[in-house]
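> structure here, sequence nowhere to be found:
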């Protein structure tokens, strides 16, 4: 919740006409409600959950008050949805990850890259991909698997290099796995 507090304060300020002290009260009450939870394992999106709790706290405050300013009622529609737009840091991280994936796809062997792109990015079926590239369907299936293995070799460990073990040395003998390794990993293993 703490990393989302500034965004929550900005969202409350943007969508309501309440004072900063009232915003402080809503944030504090949100913290209190979240602290009472026995477990947070079931929460899939903490930011959205925290914003929903803050929205509920705001609405409870409106229900309890005897005099409701007309501006608060007008802003209820604006409170309907939390701003789920990624913040600049998330956008930068997302762009960086996309660039890494694009670079990894570019490192694939040409036919594997073409098949992977048509199947996974353009969404063509195996039959459509085979027809478009003039390949047998089983070849498309094989190249698609190689593309996935290639990306798993690149990103399966969070982009970290593989640990040297006897199992890794055994898989290097498998031609499908060896072809699926990123080019920089292939040169590292051949040294």
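Perfect, thanks for sending it. Bear in mind the structure is a predicted one, so any value in this text is a computation, not a measurement.
> residue contacts, residue 57?
Contacts for residue 57 (Cβ atoms under 8 Å, 6 or more residues apart in numbering) come out as 26, 29-30, 33. (Each C-beta comes from the backbone N, C-alpha and C, glycine too.)
> redo those as JSON lines? Include secondary structure, distance to residue 128 and pLDDT.
Output for these, formatted as JSON lines (DSSP: H, G, I helix; E, B strand; the rest coil; distance: Cβ to Cβ, whole Å; pLDDT from 0 to 100):
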{"residue": "26", "secondary structure": "helix", "distance to residue 128": "53", "pLDDT": "85"}
{"residue": "29", "secondary structure": "helix", "distance to residue 128": "55", "pLDDT": "87"}
{"residue": "30", "secondary structure": "helix", "distance to residue 128": "50", "pLDDT": "85"}
{"residue": "33", "secondary structure": "helix", "distance to residue 128": "51", "pLDDT": "84"}
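> quick one: which of those residues has the most company?
residue 30 (24 neighbours; other Cβ atoms under 10 Å).
> which residues touch it?
Neighbours of residue 30 in contact, by Cβ under 8 Å, 6+ apart: 1, 8, 50, 53-54, 57.
> next: residue 106.
residue 113.
> quick check: the gap between it and residue 35.
48 Å (Cβ to Cβ, to the nearest Å).
> just residue 123 next, same as before
Residue 123 sits 45 Å away from residue 35 when distances are taken as Cβ to Cβ.
> how many residues are close by residue 112?
The number of residues packed near residue 112 is 21, by other Cβ under 10 Å.
> wait, it touches residue 147, no?
Yes. Shown here, residue 112 and residue 147 form a contact pair, counting by Cβ atoms under 8 Å, at 5.0 Å.
> for stretch 48-66, the averaged confidence score.
When pLDDT is averaged over stretch 48-66, the result is 80.
> buried set for it?
Residues of stretch 48-66 classed as buried: 49-51, 53-55, 57-58, 61-62 (neighbour count, 16 or more other Cβ atoms under 10 Å).
> so which of these sit within helices?
Among the buried residues of stretch 48-66, the members found in helices (DSSP state H) are 49-51, 53-55, 57-58, 61-62.
> neighbours of residue 43, just the number please.
13.
> name the SS class of it, please.
Three-state call for residue 43 (DSSP: H, G, I helix; E, B strand; the rest coil): coil.
> dump the contacts of residue 30 to CSV, plus distance to residue 116.
Formatted as CSV, the contacts of residue 30 follow (distance: Cβ to Cβ, whole Å):
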residue, distance to residue 116
1, 39
8, 40
50, 38
53, 42
54, 43
57, 48
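> pick the one among these closest to residue 88.
For the contacts of residue 30, the closest approach to residue 88 (Cβ to Cβ) belongs to residue 8, at 16.5 Å.
> from residue 50, how far off is the closest one?
Counting by Cβ to Cβ - residue 8 and residue 50 are separated by 6 Å.
> and if you look at residue 109?
For residue 109, the distance to residue 50 - Cβ to Cβ - is 46 Å.
> what's the answer for residue 143, then?
44 Å.
> fine, thanks again, bye for now.
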